[in-house]
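Peer 1: mind looking at a prediction? Sequence and model below.
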Amino acid sequence: MRFRPTAVGYVRSDISGARQAWDEERIRSRAKRLGYDFAKIVVADARSGGQAQGGGALLAGLKSTLRRLDAEAVIVPSAKHFAGEQVPSDLVQLVDVITVEPEETYARWAIPPIPPEKS
């Protein structure tokens, strides 16, 4: 039985570059401040081929990890770490997405709900 909800961090190393360690520390700090049980950081790199189809391969790997860990949230340095610099609505349907900069939370239970992306 878990006493605190689980969060996972997500960093695109091709976006963070030399700031990656700093971004990871800010993610851990935000998780702690918000009371999450921090499980791990998923590091992805679009240069390795995952950027095809708008970053779908990168997002699929993240979603798989979130499901496996039964996570409630993913924390990212900013929306720049997603394709098109937009928080994916299908990810928000799965978990809360929290950005470090600016400090925002895209909640699964937002009212009104975020409309699904058009394909």
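Peer 2: Looks like it came in fine.
Peer 1: what are the contacting residues of stretch 95-112?
Peer 2: Applying CB atoms under 8 Å, 6 or more residues apart in numbering, the external contacts of stretch 95-112 come out as 7, 23, 26-27, 30, 34, 66, 71-79, 87, 91-94, 114. To be clear about C-beta, it is placed using only N, CA and C from the backbone, and glycine gets the same treatment.
Peer 1: pLDDT averaged over the strand or helix carrying Ala57 - what is it?
Peer 2: Using DSSP states H and E, Ala57 maps to helix 52-68. Averaged over helix 52-68, pLDDT sits at 82.
Peer 1: using CSV, write out every CA atom in it.
Peer 2: Output of helix 52-68 as CSV, limited to C-alpha atoms (Å, rounded to 0.1, in the frame of the first residue of the first chain):
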residue,chain,number,x,y,z
ALA,A,52,9.5,10.6,-35.8
GLN,A,53,5.7,11.1,-35.9
GLY,A,54,5.9,14.1,-33.6
GLY,A,55,7.8,12.4,-30.8
GLY,A,56,5.4,9.5,-30.6
ALA,A,57,8.1,6.9,-29.8
LEU,A,58,9.4,9.0,-27.0
LEU,A,59,5.9,9.6,-25.5
ALA,A,60,5.1,5.8,-25.8
GLY,A,61,8.1,4.9,-23.8
LEU,A,62,7.2,7.5,-21.1
LYS,A,63,3.6,6.2,-21.0
SER,A,64,4.8,2.7,-20.6
THR,A,65,6.9,3.6,-17.6
LEU,A,66,4.1,5.6,-16.0
ARG,A,67,1.7,2.7,-16.3
ARG,A,68,4.3,0.2,-15.0
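Peer 1: so what secondary structure elements neighbour that helix?
Peer 2: strand 6-12, strand 37-44, helix 89-92 (3 or more CB pairs under 8 Å, 6 or more residues apart in numbering; DSSP states H and E).
Peer 1: where does the protein have its least confident helix or strand?
Peer 2: Lowest by mean pLDDT, DSSP states H and E among the helices and strands of the chain is helix 52-68, with a mean of 82.
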